[in-house]
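Visitor: I need the structure of the sequence given here:
(one chain, ligands or ions: 1)
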Amino acid sequence: ANGGTTVEDNHLQELLLTLPRDKNMDGAPLYLYKGEWFPDYTLSAAISFQKHFTAHDTDVIVASMPKSGTTWLKALTFSVVNRNLYSPKESPLLTSLPHDLVRFFETDLYLEDKNPNLDNFPAPRIFGTHTHYPSLPQSIKDSRCKIVYICRNPLDQAVSDFLFSLKYINRKNLDPVSSIDEGFENLCRGVQMFGPIWDSVLGYWKASLERPEKVMFLKYEDLKEDVIFNLKRLAEFLGIPFTQEEEKQGVIEEIERLCSFENLKSLEVNNTGVRTHSGAPHSAFFRKGEVGDWANHLTPAMAERFRIVMEAKLAGSGLSF
Ligand code: A3P
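Guide: Numbers count the residues shown, from 1 in each chain. As a prediction, this is how the structure comes out:
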């Protein structure tokens, strides 16, 4: 933030020379840092976050692989946490992209400032992250803050990611992969922004088994199947269960409706505007919102190949898709 070249910048330049490099599906350069593929423009922010972030006991962290339902989970979490501040008719979600209300560490906060002052955020603070569980700052693990993780059928995640990347990420001076086939080769090796997906998923899965009071693990498909049930689970997990009175008043249903794909997609704010750093239009976060759309984009052979890779990686974990 101070303009000049700092010791930290020099370290980063040296570090970059030593890290494995590859390409995301949109052609964006990726660096492998502590086992995770970071887009080049997020790496220094990701490192600053890992080094400097200090968690508060009241924090809530929404964690995910991109394109797994992050936007939805941010909206739901924001609504549950702030339900006593705003009635659904005056929710900030009606006039702000969920990512502007719950900001990411790597692609917003630590990108704008190497060591942002986050202490003045009103409690409870809610943040988003794509960093894998083992690399989270120790203070997140040591504090009493809560982590909610969402994942999604990896084939749907891959297709959503591919269509998003190819169409929307600022690709100036990049040489994008030419087709989903080429991107698919990388995917099968786990080379994808914030991948490998199996490491993202497994890190949070194991943490949720070891520390169920700390990490809540959600699947996009389960959430779609029963939003109400999972909203109750979420509120309980966060230590703010819905009261009988709230249930009677239909508060849970109102949150479900407010955060539904159809409602969010229809809002003016989500049809206008562009994300500052990635250049993605807000509308890019609301494409189709369906389960199983991969079948319209991947051949059965590709799906089979990826499924075999995933199954091998998840073997013995008790987790499957
Ligand atoms: P599709 O590309 O399959 O439509 P993320 O929020 O992690 O970037 O994930 C984006 C995916 O979630 C997109 O999937 C998007 O359409 C879907 N999505 C966004 N908002 C949603 C909502 N409120 N309910 C269900 N799905 C949603």
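Visitor: what residues sit buried inside stretch 242-252?
Guide: Within stretch 242-252, the residues that count as buried by 16 or more other CB atoms under 10 Å are 242, 246, 251, 252. Heads up, the C-betas are built off the backbone N, CA and C, glycines and all.
Visitor: nearest to residue 307, out of these: which one, please.
Guide: residue 252 (35.0 Å; CB to CB).
Visitor: roughly how far apart are that closest one and residue 81?
Guide: Per CB to CB, to the nearest Å, residue 252 is found 14 Å from residue 81.
Visitor: and what of residue 64?
Guide: 17 Å.
Visitor: more neighbours: the two, which one.
Guide: More crowded of residue 64 and residue 81, by other CB atoms under 10 Å: residue 64, with 28 against 20.
Visitor: gap between the residue lying closest to the more buried one once chain neighbours are set aside and the ligand?
Guide: Setting aside the residues directly before and after it, residue 64 is nearest to residue 70 in space (CB to CB, 6 or more residues apart in numbering), at 4.4 Å. Counting by CB to the nearest ligand atom, to the nearest Å, the separation of residue 70 from the ligand is 3 Å.
Visitor: do residue 47 as well
Guide: Residue 47 is 23 Å from the ligand, by CB to the nearest ligand atom.
Visitor: neighbours around that residue, how many?
Guide: Neighbours of residue 47 (other CB under 10 Å): 21.
Visitor: what residues does it make contact with?
Guide: Residue 47 is in contact with 12, 33, counting by CB atoms under 8 Å, 6 or more residues apart in numbering.
Visitor: that one belongs to a helix?
Guide: Yes - assessed by DSSP: H, G, I helix; E, B strand; the rest coil, residue 47 belongs to a helix.
Visitor: quick one: residues contacting the spatially closest residue to residue 319 that is not a sequence neighbour.
Guide: The shortest distance from residue 319 to any non-neighbouring residue, by CB to CB, 6+ apart, is to residue 205 (5.0 Å). If a contact means CB under 8 Å, 6+ apart, then residue 205 has 217, 317, 318, 319 as its contacts.
Visitor: of those, which is the nearest to the ligand?
Guide: Closest approach between these and the ligand, by CB to the nearest ligand atom: residue 217, at 15.4 Å.
Visitor: the closest one contacts residue 208, doesn't it?
Guide: Yes - counting by CB atoms under 8 Å, residue 217 touches residue 208, with 3.8 Å between them.
Visitor: pull the number of nearby residues for residue 121.
Guide: By other CB under 10 Å, the residues close to residue 121 number 15.
Visitor: quick one on the thing from earlier: need the buried ones from the contacts of residue 205 selected in PyMOL.
Guide: Remark: buried members of these, expressed as a PyMOL selection using 16+ other CB under 10 Å:
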select buried, resi 217+319
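Visitor: ok, the contacts of residue 205 vs residue 299, which is closest?
Guide: residue 319 (25.4 Å).
Visitor: surely residue 216 is in a strand?
Guide: Yes - counting by three-state DSSP, residue 216 is located in a strand.
Visitor: partners of it in the sheet?
Guide: residue 148 (DSSP bridges).
Visitor: which residue ranges of the chain form strands?
Guide: Along the chain, counting by DSSP state E, strands occupy 21-23, 29-33, 36-39, 60-64, 103-104, 126-129, 146-151, 215-219.
Visitor: got JSON lines for these, with distance to residue 87 and mean pLDDT too?
Guide: Below are those laid out as JSON lines (distance: least, CB to CB, whole Å; pLDDT from 0 to 100):
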{"stretch": "strand 21-23", "distance to residue 87": "47", "mean pLDDT": "93"}
{"stretch": "strand 29-33", "distance to residue 87": "43", "mean pLDDT": "95"}
{"stretch": "strand 36-39", "distance to residue 87": "38", "mean pLDDT": "96"}
{"stretch": "strand 60-64", "distance to residue 87": "21", "mean pLDDT": "98"}
{"stretch": "strand 103-104", "distance to residue 87": "24", "mean pLDDT": "97"}
{"stretch": "strand 126-129", "distance to residue 87": "19", "mean pLDDT": "98"}
{"stretch": "strand 146-151", "distance to residue 87": "23", "mean pLDDT": "98"}
{"stretch": "strand 215-219", "distance to residue 87": "26", "mean pLDDT": "98"}
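Visitor: no further queries at this time; thank you.
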